[in-house]
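Visitor: here is a sequence with its predicted model. Questions after.
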Amino acid sequence: MKRILVTGALGQIGSELVVSLRERYGDENVIATDIRLPSDVKLRDAGPFEFMDCLNPHHITRVMQIYNVDAIYHLAAILSAVGETKPDQAWQVNVNGLYNILEAARQYHCALFVPSSIGAFGQDTPKDKTPQDTIQRPDTMYGVTKVTGELLCDYYHKRFGLDTRGVRFPGLISYETEPGGGTTDYAVEIYIEALKYKKYTCYLEENTYLDMMYMPDAIRAMIDLMEADPNRLVHRNAFNVTAMNFTPAQIAAEIKKHIPDFEIEYKVDHVRQAIADSWPNSLDDSCAREEWGWNPTYDLESMTKDMLEKLAERIELPAEQKSR
């Protein structure tokens, strides 16, 4: 039976991935770790949880030895917008933390999944249908750390035979957890604000195209890639994956189909707008489709319907809306 370690387990991706992995492999076989203690009962009580700082190799070694880990999903990271305000911390966590995890995976012969991002591209990258293999010259610290991570994972596979795998995620949208400081967070916030207040102030320009993915598809992509036949994988690391492509104006129009009096206005955050402008408009994910059968389930229409239904069950609505 596989024993799986998840770092950054309390983050936007990790909190949902742990639940899915435990359903698939058994609660006791998935070890959730983070530098915070969980408040979510599903994570705290359903299976093992350990405090672990990826910047401390002794923490990692201790957990690896206790649980005899076979595979790692390394999700601990500083995201794009936060990375621009704290570039030193972004480098420490995203690069030095990854190096420590790579070393642990090498020493204990573990498979390793590491997510990259559309942030790994830059202004010189082809904007539309960005190829799997193309120029990568990001001008954000987050992007620099992601390119570094891609190269490190490639190196450890070629040099040590380590089974490293990963995808380049677009913006991720989830009803389960709060946004964590990414440039695409607006695509989560807009649903919450639409339900609560029927209006939203967007920090990106209305016609900013970005690729996006609903979290259930993202979770499936990670698990499917880790379970894929390694003999089929030509690229292994940093597969382009995507599911849908839209602007703030288009997601607002889709929400208005369900909440007719929803309104959106724009107050551009120039830091996050500059980050978004440096990313591709759309990705070519044909390599992922050919090499391990990637195929998304949700589009903007089906995601919006599901997001609004799920969020309505979870969030606290203002008193005046409850009384209607």
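Guide: Structure's in. What do you need?

Visitor: send me the strand or helix carrying Val6 as PDB with only the CA atoms.
Guide: Using DSSP states H and E, Val6 maps to strand 4-7. Provided in PDB are the C-alpha atoms of strand 4-7 (Å, rounded to 0.1, in the frame of the first residue of the first chain):
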ATOM      1  CA  ILE A   4       1.700   9.400   0.600                       C
ATOM      2  CA  LEU A   5       3.100  12.600   2.100                       C
ATOM      3  CA  VAL A   6       1.400  16.000   1.300                       C
ATOM      4  CA  THR A   7       3.300  19.200   2.200                       C
END
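
Visitor: what pairs with that strand, parallel or antiparallel?
Guide: If you go by DSSP bridges, strand 4-7 pairs up with strand 30-34 (parallel), strand 71-74 (parallel).

Visitor: residues contacting it, please?
Guide: 14, 17-18, 21, 25, 29-34, 52, 54, 63-64, 67, 69-76, 101, 110 (Cβ atoms under 8 Å, 6 or more residues apart in numbering). Glycine gets a C-beta too; all of them are placed from N, C-alpha and C.

Visitor: and for stretch 174-190?
Guide: Residues contacting stretch 174-190 (Cβ under 8 Å, 6+ apart): 11-12, 15-16, 78-82, 119, 170-173, 191, 200, 202-204, 210, 212, 214-215, 248, 251-252, 255, 264, 272, 275-276, 279, 306-307, 310-311, 314.

Visitor: run the last query once more with 6 Å
Guide: 11-12, 15-16, 79-82, 171, 173, 200, 202, 204, 212, 215, 272, 275-276, 307, 310-311 (Cβ atoms under 6 Å, 6 or more residues apart in numbering).

Visitor: again, but for stretch 83-90
Guide: Residues contacting stretch 83-90 (Cβ under 6 Å, 6+ apart): Ile78, Thr140, Met141, Tyr142, Thr145, Val271.

Visitor: confidence score at the residue nearest to the last one when sequence neighbours are not counted?
Guide: Across the structure, with Cβ to Cβ, 6 or more residues apart in numbering as the measure, the residue nearest Val271 apart from its sequence neighbours is Glu84 (5.9 Å). What the model reports as pLDDT for Glu84 is 89.

Visitor: which element is Glu84 on?
Guide: helix 80-85.
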